[in-house]
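Colleague: here is my input, please return the structure:
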Amino acid sequence: MSVRKINFYLDALSLIPDHRKLFANMQKLTELQQVFFEIAPRQLSQFCTLGAFSESEGNLVIHASNGAIAAKIRQMVPSLLRKFKVRGYEVTSIRIAVQADCNSATGYDPLAASRTAKRRIARAGLESLAQLAKNLPEPSSMSPSASPLKNAIVALLKTQAKPNEPSE
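Modeller: Down below sits the predicted model:
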C-alpha cells in the first residue's frame, strides 16, 4: 500500500467524530517529538521517544532506551521545560521512564549495527595469537586437557577465520 493511500485513509478516519480526539492527540505528540529532537542533544534524543502528553495538565513522558540516557535527560529537565515553553508548548512537567525497546517501536535502532557486526582481529593480531597458542603446553599424561587459555585462543582463532580460509 502506498503512502498516499495510507494518508488518504488516515485523513478520512480523522474526520470521524469518535476518532478526532485520538488524531489530535497523535498530531500533538508528533509535533512535540519533532521539537524534542530539535531542543535535546542529538546523542541523547536519538535514544528517546515521547510516550504520552496530557495537554490539560502539561505532563510529558519521555521513554529513554537505558538508565544512563534517562539520567542525562533528567538533568536536562529544567532547560527542556524552558525550551518547550519558548516554542509555545505548555509542558509543565516531564517524567522520564526507561524502556529498553523504545526505539524498536519507531523502527530505529542506532545500536543494531554495532550489536550485529562481527568484530575482526587484524592479521598481525591473529598471527600473534596463533604463535601464543603454539607456545602453550600440550596436554600430557599428568594433565589430560590443554590449558583453558589455549582452548580459548584456539576457539577465538576458529571464530575469526574467514569462510574461505582453512581454520587451524
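
Colleague: what comes up buried for stretch 73-92?
Modeller: 73, 76, 77, 80, 81, 83, 84, 89, 91 (16 or more other C-beta atoms under 10 Å). Placement of C-beta: from N, CA and C, glycine included.

Colleague: quick one: least confident helix or strand in this structure?
Modeller: helix 112-116 (a mean of 56; mean pLDDT, DSSP states H and E).

Colleague: what helices and strands are in contact with the next helix or strand after that one?
Modeller: Next in sequence after helix 112-116, counting helices and strands by DSSP states H and E, comes helix 123-135. Under the contact criterion of 3 or more C-beta pairs under 8 Å, 6 or more residues apart in numbering; DSSP states H and E, helix 123-135 touches helix 148-160.

Colleague: just want the angle from the helix it packs on to helix 123-135.
Modeller: Angle, helix 148-160 to helix 123-135, by axes from the mean of the first three to the mean of the last three C-alpha atoms, to 10 degrees: 140 degrees.

Colleague: who are the packing partners of helix 148-160?
Modeller: helix 123-135.

Colleague: contacts for the helix it packs on, please.
Modeller: Here helix 123-135 makes contact (C-beta atoms under 8 Å, 6 or more residues apart in numbering) with 121, 150, 153, 154, 156, 157, 160, 168.

Colleague: can those residues go into a markdown table with extra columns for neighbour count?
Modeller: Below are the contacts of helix 123-135 laid out as a markdown table (neighbours: other C-beta atoms under 10 Å):
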| residue | neighbour count |
| --- | --- |
| 121 | 14 |
| 150 | 18 |
| 153 | 18 |
| 154 | 16 |
| 156 | 14 |
| 157 | 16 |
| 160 | 17 |
| 168 | 11 |
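
Colleague: show me where the protein has helices.
Modeller: Remark: helices assigned in the chain by DSSP state H are 3-14, 17-39, 42-45, 67-86, 112-116, 123-135, 148-160.

Colleague: return the most buried member of those helices.
Modeller: Of all these, helix 67-86 has the most neighbours on average by mean count of other C-beta atoms under 10 Å, namely a mean of 15.

Colleague: that one vs helix 17-39, what angle?
Modeller: Using the same axes, to 10 degrees: helix 67-86 against helix 17-39 is 100 degrees.

Colleague: ok now helix 67-86, how far from the chain's centre?
Modeller: Chain-centre distance of helix 67-86: 19 Å, with C-alpha atoms, centre = their mean, to the nearest Å.

Colleague: alright, calling it a day.
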